[in-house]
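> would you be able to build a 3D model of this:
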Amino acid sequence: MNTQIGTAAEQQHQVAEDINRHISQIHSDTQWVAELANSAYLDSQSLAGLSNELDGLMRRFRT
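Numbers count the residues shown, from 1 in each chain. Model (predicted):
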């Protein structure tokens, strides 16, 4: 009986370590995705500015 309890405790310990490792990986991946999202936002802002600038230049040609 004690052997079974010891084995079960070791298995639970391994599962807990796996869960901790996966949570840590999820945290890292989430930070990476947040950085990419911020970069995409900044790029879209830049594109919007360029689009407005191009629109202004095109209006000059139409007039």
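> can you list the weak-confidence ranges in the chain?
For the chain, residues meeting the criterion pLDDT under 70 lie at 63.
> ok, 90 please
Applying pLDDT under 90 to the chain flags residues 2, 61-63.
> grab the most central residue of it for me.
Taking CA atoms, centre = their mean as the criterion, Val33 is the residue nearest the geometric centre of the chain, at 1.7 Å.
> so what's that one up against?
Val33 makes contact with no residue, according to CB atoms under 8 Å, 6 or more residues apart in numbering. Just so you know, the C-beta spots here come from the backbone N, C-alpha and C atoms, and that holds for glycine as well.
> so which helix or strand takes in it?
For Val33, the enclosing helix or strand under DSSP states H and E is helix 2-62.
> so how far is that helix off the chain centroid?
A distance of 0 Å separates the centroid of the chain from that of helix 2-62, by CA atoms, centre = their mean, to the nearest Å.
> ok, the residue nearest to the centre of the chain to Tyr41 distance?
From Val33 over to Tyr41 the distance is 13 Å, taken as CB to CB, to the nearest Å.
> equivalent analysis for Val15, please.
Val15 sits 38 Å away from Tyr41 when distances are taken as CB to CB.
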